[in-house]
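Undergrad: whatever this is, show me its structure:
(chains A, B and C)
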Amino acid sequence: FQAPVIDFLGLSEKVLVFPYETDFSFVALIPQKEMALRAFTLCMRVATELPEERQIILFAYRTADYDELNVWREKDGRVSFYLSGDGVFFRLPPLSTFRTSLCLTWESRSGLAAFWADGRRSTYQVYKPGHSVRPKGTVLLGQDPDKHLGGLEATQSFVGEMTDVNMWDFVLSRSMIQAWHYGHKVPKGNIFDWASLEYELSGNVLVVDDD
Amino acid sequence: FQAPVIDFLGLSEKVLVFPYETDFSFVALIPQKEMALRAFTLCMRVATELPEERQIILFAYRTADYDELNVWREKDGRVSFYLSGDGVFFRLPPLSTFRTSLCLTWESRSGLAAFWADGRRSTYQVYKPGHSVRPKGTVLLGQDPDKHLGGLEATQSFVGEMTDVNMWDFVLSRSMIQAWHYGHKVPKGNIFDWASLEYELSGNVLVVDDD
Amino acid sequence: FQAPVIDFLGLSEKVLVFPYETDFSFVALIPQKEMALRAFTLCMRVATELPEERQIILFAYRTADYDELNVWREKDGRVSFYLSGDGVFFRLPPLSTFRTSLCLTWESRSGLAAFWADGRRSTYQVYKPGHSVRPKGTVLLGQDPDKHLGGLEATQSFVGEMTDVNMWDFVLSRSMIQAWHYGHKVPKGNIFDWASLEYELSGNVLVVDDD
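TA: Predicted coordinates:
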């Protein structure tokens, strides 16, 4: 976190390119509201050339003492997420050099959790009913901080492209998630909205036009 | 390069068939303009029965001292390209006995490089920003010359079918590349245009009707 | 060929079921015209549960001294055909429990040979240009005779379903082959026409309605 940081606003029709493996390249996202969450939908489009057996951090939200909400592609190819503690694992079609639309929905009341790949829902799993995500942390794309503001590892870093990272503090319906997948209009993310996203670039991350 | 050479013009609705492994069969392409390039799009349709672990040359442009622009299917199945030096590697769906539409785009300013398989873009990689491809070389299909006009190896040769080899000195948009994939009308290649291509056949290469 | 033989005519909307491995079950097909061929298209729909590494005879046409035209699924998974001598091998999507539309085209003048799986053409290979298939032999489905009218081996036999075996003494166009795949009307096979096929059942082969 010694690297020079540049602030920007809005990534409409832009893609983040993480061109190679580092322990210093990341994008910090500043949420529009505090992330005290009892439900959420997190969506992104992601493409990677990383080999199948490589762990990949897809989204990391950490407070001082906890990994509040981390999304991973695991070594065994499964996609997972963790709410401060043990995670839950899903078998999805593999991430590839072509873009995958990936959403994750979770709701505290029932604990129902699912990933959505290109608009298709995974099997539900019941995960941490009653749990709350704590506010006042930091969201990073590209790296997993093992402590608040530090402890990055190249072998977990993201390499490839990310775009359209959006987050809502509620669970979007199937039709909304499919609309989002196809690029149709949906309610703007009230935590992160790609078109008006406030973010900080650190290290070597390119912002390029999405063609 | 001792083999008898025959000049031809135009391959509209024709396919090149390289029927077996040789170190003497190739097609030399004569560009419409000098290949001093700071950007390009190279497209072709290609089908091969060669085994997965076999290196295959897909396109070779060589000047006196450099492999200026080579496209390969590597031994590990990845597709790669090289601009005079180390290459860059992409994981695409495997080439097969059925035709794949394959395009490659690169731009010197940003270094952004991508393959497009059947109209779908791979993840961007950043490769040799600032570099220029040098003019006054020779383009071969079917063989990789290890020196200018010589040094061919059967174990790298192309076996299978190639058609619709087109090249532009700029980066085509996503919609243009998808139009080309589906056989719709796009701007003619200003370096190579399959319909009016000037070429020389050498060794055993068949020109057959595309059905 | 000691087994009782029953003659039949026409298999419209019928499927041949070869229920288990034998060295005595087969169907002999009687051609509408002599099979002196300098070109042909052979089509069938085939489904099998046989393991990938098992050799399978798909079509056998034998004269007194030669295997005139044999089609195989080889031990390595490739599909092949042989015109009296060494064969030619193609890597197609594997045969499976689901029906595959399989066509084979060959023309003596150019030697161009291709398989078509579900309407998609394989890479052309050049095979025995100038060759002719000899007339006055016997066509079998289900078994490979190692000599004329004898020498059957259970480990090469076909197990599964075959239907819509048709043969023409010319090369059908891409659009015809795709029409046949989709069950649309195409010119009737002038060597074998499934709807009016003359055939002999031997051993344990079931003729069932195609649903």
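Undergrad: find the least confident helix or strand in chain A, judged by mean pLDDT.
TA: strand A:5-9 (a mean of 73; mean pLDDT, DSSP states H and E).
Undergrad: next secondary structure after that strand?
TA: strand A:14-18 (DSSP states H and E).
Undergrad: for the residue nearest to the spatial centre of chain A, helix, strand, or coil?
TA: In chain A, the residue lying closest to the centroid (CA atoms, centre = their mean) is A:F59, at 3.3 Å. Put simply, A:F59 is strand when judged by DSSP: H, G, I helix; E, B strand; the rest coil.
Undergrad: any idea what it is bridged to?
TA: A:V71 (DSSP bridges).
Undergrad: surely it and A:L42 touch.
TA: Yes. Counting by CB atoms under 8 Å, A:F59 does reach A:L42; the two are 6.4 Å apart. Where you see a C-beta, it was placed from the backbone N, CA and C, and this is true even at glycine.
Undergrad: okay, and the common contacts of those two?
TA: By CB atoms under 8 Å, 6 or more residues apart in numbering or on different chains, A:F59 and A:L42 have these common neighbours: A:L69, A:V71, A:V165.
Undergrad: measure how buried A:Y124 is and give me the count.
TA: Using other CB atoms under 10 Å in any protein chain shown, the number of residues around A:Y124 comes to 13.
Undergrad: right, and it touches A:F115 too?
TA: No. Taking CB under 8 Å as the definition, A:Y124 is not a contact partner of A:F115, at 10.1 Å.
Undergrad: residue ranges of the helices in chain A, please?
TA: A:174-181 (DSSP state H).
Undergrad: so which residues on it come close to chain B?
TA: A:15, A:17, A:19-20, A:47-49, A:96-99, A:160-161, A:206, A:208, A:211 (CB under 8 Å from any CB of the partner chain).
Undergrad: now, among those, which is nearest to chain C?
TA: A:S96 (19.3 Å; CB to the nearest CB).
Undergrad: any idea how far the closest one is from B:R120?
TA: Applying CB to CB, to the nearest Å, the value for A:S96 to B:R120 is 10 Å.
Undergrad: same deal with A:R45?
TA: 13 Å.
Undergrad: repeat for A:S173
TA: Counting by CB to CB - A:S173 and B:R120 are separated by 28 Å.
Undergrad: neighbour count for these two, which is higher?
TA: Set A:S173 next to B:R120 and count neighbours by other CB under 10 Å: B:R120 wins out with 19 against 12.
Undergrad: which residue is the nearest non-sequential neighbour of the more buried one?
TA: A:F98 (4.9 Å; CB to CB, 6 or more residues apart in numbering or on different chains).
Undergrad: contacts only, for that neighbour.
TA: With the criterion set at CB under 8 Å, 6+ apart, A:F98 makes contact with A:A47, B:R120, B:R121, B:S122.
Undergrad: which of these has the largest number of neighbours?
TA: B:S122 (24 neighbours).
Undergrad: quick check, that one in contact with B:F89.
TA: No. Between B:S122 and B:F89 there is no contact under CB under 8 Å: 10.4 Å.
Undergrad: any shared contact partners between the two?
TA: Joint contacts of B:S122 and B:F89 (CB under 8 Å, 6+ apart) are A:E49.
Undergrad: report the beta-bridge partners for A:L29.
TA: A:V139, A:Y199.
Undergrad: surely it touches A:S196?
TA: No. At 11.7 Å, A:L29 and A:S196 do not qualify as touching, with contact defined as CB under 8 Å.
Undergrad: and stretch A:129-140, what's buried?
TA: Neighbour counts using 16 or more other CB atoms under 10 Å in any protein chain shown place A:V133, A:R134, A:G137, A:T138, A:V139, A:L140 of stretch A:129-140 among the buried residues.
Undergrad: which residues does it contact?
TA: A:26-31, A:34-38, A:40, A:59-64, A:66, A:68-69, A:83-84, A:108-111, A:145, A:148-149, A:192.
Undergrad: next one: phi and psi at the residue of chain A found nearest chain C?
TA: Closest contact between chain A and chain C, by CB to the nearest CB, is at A:P93 (18.4 Å). Note on A:P93: its backbone torsions stand at phi -60, psi 140 [degrees, to the nearest 10].
Undergrad: tell me the pLDDT at it?
TA: According to the prediction, A:P93 has pLDDT 92.
Undergrad: count the neighbours of the residue nearest to it when sequence neighbours are not counted for me.
TA: Excluding the flanking residues, the one nearest A:P93 by CB to CB, 6+ apart is A:A117, at 5.8 Å. Counted by other CB under 10 Å, the residues lying close to A:A117 total 18.
Undergrad: over to A:E68?
TA: 22.
Undergrad: now do A:Y20
TA: 11.
Undergrad: contacting residues around it?
TA: With CB under 8 Å, 6+ apart, A:Y20 has these contacts: A:V159, A:N204, B:V126.
Undergrad: was I right to think the last one contacts B:A113?
TA: If I follow you right, that is B:V126. Yes. Between B:V126 and B:A113 there is a contact under CB under 8 Å: 7.3 Å.
Undergrad: wait, what's in contact with A:G203?
TA: By CB under 8 Å, 6+ apart, the neighbours of A:G203 are A:A3, A:T22, A:F24, A:S25, A:F26, A:G142.
Undergrad: next, the residue nearest to B:R120: phi, psi?
TA: phi -90, psi 150.
Undergrad: against B:M162, how distant is A:R174?
TA: 44 Å.
Undergrad: meant to ask about A:D67, not that
TA: The value you get for A:D67 to B:M162, if CB to CB is used, is 51 Å.
Undergrad: for chain A, which residues are neighbours of chain C?
TA: Counting by CB under 8 Å from any CB, no residue of chain A sits close to chain C.
Undergrad: shaky segments in chain A?
TA: Scanning chain A for pLDDT under 70 picks out A:1-6, A:148-149.
Undergrad: show the contacting residues for A:G77.
TA: A:G77 neighbours (CB under 8 Å, 6+ apart): A:E52, A:E53, A:R91, A:P94.
Undergrad: Throw the residues you listed into JSON lines and include neighbour count, thanks.
TA: Putting those into JSON lines (neighbours: other CB atoms under 10 Å in any protein chain shown) gives the following:
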{"residue": "A:E52", "neighbour count": "12"}
{"residue": "A:E53", "neighbour count": "9"}
{"residue": "A:R91", "neighbour count": "12"}
{"residue": "A:P94", "neighbour count": "13"}
